[in-house]
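Peer 1: build me a model:
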Amino acid sequence: MKQTSKQILTMIALVLPLLGLAGATVSPALAQSIVTWIRTDPLTGIALGGMDPVSYFTEPAPMPGRSEFEFSWMGAPFLFANEANMEIFKRHPEIYAPQFGGHGAMSMSRGFISDADPMIYTVYKQRLYLFYSASNREAFLLSPDAAALRAEQHWQVLSKTLSTR
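Peer 2: Sure, this is the predicted structure:
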């Protein structure tokens, strides 16, 4: 549903200027900034839905972060369950941050950007991958090396179209 809303807003932002129904300040370039490089919750602006990125690697299930342990990386705030996890992330964010900015990994493998649910994930080869649905995660896990490689190739192109905030 969230992805559909973003797609509709993007289409409106692109079409209104063509119809002359929008002011001079609306442009197609603004429509691109709806989707950001790091996927954040649209209501809170927090990455990973507020889950602690380090906990995906150290706990049986991801832990919710706390507002007193917040660190901004790549223009997005991440929350941590404790100070130790925050310090670990600060030293090596590229290891603990979700791949593809937290956008859906299987969708990226198929060549498009989608939302992802922070609770539908896998840690594969010491990297965190998020998915839009459990079926997308299962599709990824059928051939994870190939899916991750295709996703990385698409990310190299698609990430250039995203806003960093």
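Peer 1: CA only for contacts and neighbour counts going forward, please
Peer 2: Fine.
Peer 1: low-confidence ranges, the chain, go.
Peer 2: In the predicted model, the chain carries pLDDT under 70 at residues 1-35, 164-165.
Peer 1: grab the nearest non-local neighbour of the most centrally placed residue in it.
Peer 2: Ranked by distance to the mean C-alpha position of the chain (CA atoms, centre = their mean), the top residue is residue 102 at 2.5 Å. Among residues not flanking residue 102 along the chain, residue 39 sits closest, at 5.3 Å (CA to CA, 6 or more residues apart in numbering).
Peer 1: isn't the residue nearest to the centre of the chain right up against residue 116?
Peer 2: Yes: if you go by CA atoms under 8 Å, residue 102 and residue 116 touch, sitting 6.7 Å apart.
Peer 1: identify the contacts common to those two.
Peer 2: residue 130 (CA atoms under 8 Å, 6 or more residues apart in numbering).
Peer 1: give me the domain ranges for the protein.
Peer 2: Using automatic domain parsing, the domain parsing of the chain gives 1-34, 37-96, 98-160.
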